[in-house]
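Chemist: What follows is a predicted structure for the sequence shown.
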Amino acid sequence: MGEEIVGTLVGRWYVTAFGIAFVVLAVRHMGWRRTGVYAAVATVVGVLAENGSVHLGIPYTRYAFNPDLRGHELFIGEVPLMVSLSYTFMAYFAFAAARLVVAGPYQTRSKLPMLEFATAVILGVWAVWVVDPVSRLGSHFFLGELFSYAGPGFWFGLPLGSQIGFAATQGLLVALLSWLMRAEPEEPVDRLRMHPRLGALGGYVGQVVVMTVSAFAVARLTSNPAVAKVADALAGSTLIIGVPAVVLTAVHWRSLTLAREHVVAAITPQKGVGERARPQAGLSVREHAQ
């Protein structure tokens, strides 16, 4: 048992690191009670979904985890514990990051909860498009072989059903988080580096970056040309998905900034020719209007 605990926490160190970040950020955001409720439900959903897929092919189609992992890390049913625990931070990072992406750098959340929800689900599925294929590199991946699909699959061996299934479980967990935080107020933020959801956005990006760098490294360290080709394509897919997403987010945030400056300029008396009106630190446009 001791070896399995150490293997779970140290062998899957990246899950442990993201899990600790999740606890710190979620408790600050939601409090201990809501964080505990969410973490318990997310873990149960992970256990049921993963075991359901292994045994019945529902909801992710049929696959199997490497049986050699038994004795080296903790399992629940036919699934390593850390796989189910990862549901907690993956959905939370996507949820909290979406609130920042949609609201922009000057508000804690937007007035469009459905857009926040849809963005969170999309972010969660995008992360899996990188995480799962890299994990399937098997013995070429530095963390070892984890699982294998029966196949075939349109996205680096991942079946379409697995993506639809994950979108469903991601939607369920984001819906739970949205309900738990339905009364979260819309509050002003002075600048991006002070935004309370910035850490969650960093956690989300961190997942993708870790797996992308892993794929890039595998492509250059493996002696198998076929594996190198797949790994390079995976690393490149992050650029194909990520760069447009970053540019669109930057354009969206810039439009919000310009709209904010325009409104403030319209409601703030000019103090002199050429002097640009600026909002007072910590106050929203609505508060300036009052």
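Modeler: Cool, the structure landed. Residues are numbered from 1 along each chain as shown.
Chemist: Would you map the strands across the chain?
Modeler: In the chain, the strands defined using DSSP state E lie at 63-65, 75-76, 79-80, 147-149.
Chemist: Show me what counts as buried in the first one.
Modeler: This means strand 63-65. Using 16 or more other Cβ atoms under 10 Å as the test for burial, strand 63-65 gives 63, 65. Placement of C-beta: from N, CA and C, glycine included.
Chemist: chain center to it, what's the gap?
Modeler: Its chain's average C-alpha position is 23 Å from that of strand 63-65, according to Cα atoms, centre = their mean, to the nearest Å.
Chemist: Which elements pack onto that strand?
Modeler: Under the contact criterion of 3 or more Cβ pairs under 8 Å, 6 or more residues apart in numbering; DSSP states H and E, strand 63-65 touches helix 13-56, strand 147-149.
Chemist: hang on, the earlier thing: can the strands of the chain go into TSV with extra columns for mean pLDDT and distance to residue 232?
Modeler: As requested, the strands of the chain are exported to TSV (pLDDT from 0 to 100; distance: least, Cβ to Cβ, whole Å):
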stretch	mean pLDDT	distance to residue 232
strand 63-65	89	24
strand 75-76	94	33
strand 79-80	94	28
strand 147-149	79	21
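Chemist: Go through those strands and pick out the most buried.
Modeler: Compared across the strands of the chain, strand 79-80 shows the largest average neighbour count, a mean of 23 (mean count of other Cβ atoms under 10 Å).
Chemist: Need the contact partners of it.
Modeler: 8, 12, 46, 47, 50, 51, 54, 65, 69, 73, 74, 146 (Cβ atoms under 8 Å, 6 or more residues apart in numbering).
Chemist: could these go into TSV alongside distance to residue 120?
Modeler: Formatted as TSV, the contacts of strand 79-80 follow (distance: Cβ to Cβ, whole Å):
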residue	distance to residue 120
8	28
12	24
46	17
47	22
50	21
51	25
54	27
65	27
69	31
73	29
74	29
146	25
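Chemist: Low-confidence ranges, this structure, go.
Modeler: Residues of the chain that meet the criterion pLDDT under 70 lie in 142-143, 150-151, 264, 269-290.
Chemist: Tell me where it has helices.
Modeler: Counting by DSSP state H, one finds helices in the chain at the ranges 2-6, 13-56, 81-103, 113-135, 160-180, 198-221, 225-267, 285-289.
Chemist: So which of the helices and strands packed on strand 63-65 is nearest residue 246?
Modeler: helix 13-56 (20.7 Å; Cβ to Cβ).
Chemist: Now do that closest one and helix 81-103, the angle between them.
Modeler: 110 degrees (axes from the mean of the first three to the mean of the last three Cα atoms, to 10 degrees).
Chemist: Please give the centre-to-centre distance between helix 13-56 and its chain.
Modeler: With Cα atoms, centre = their mean as the basis, the mean position of helix 13-56 lies at 12 Å from the chain mean.
Chemist: can you check stretch 11-19 too?
Modeler: Centre-to-centre, stretch 11-19 and its host chain are 14 Å apart (Cα atoms, centre = their mean).
Chemist: same deal with stretch 134-145?
Modeler: 21 Å.
Chemist: Name the residues of it that come out as buried.
Modeler: Buried-residue list, stretch 134-145, by 16+ other Cβ under 10 Å: 134, 135, 136, 137, 140, 141, 144, 145.
Chemist: from these, which is closest to residue 23?
Modeler: Nearest member of the buried residues of stretch 134-145 to residue 23, counting by Cβ to Cβ, is residue 135, at 23.0 Å.
Chemist: That closest one contacts residue 144, correct?
Modeler: No. Using Cβ atoms under 8 Å, residue 135 is not in contact with residue 144; the gap is 9.8 Å.
Chemist: Now list whatever residues contact both of those two.
Modeler: By Cβ under 8 Å, 6+ apart, no residue touches both residue 135 and residue 144.
Chemist: What's the end-to-end length of stretch 149-165?
Modeler: 14 Å (Cα to Cα, to the nearest Å).
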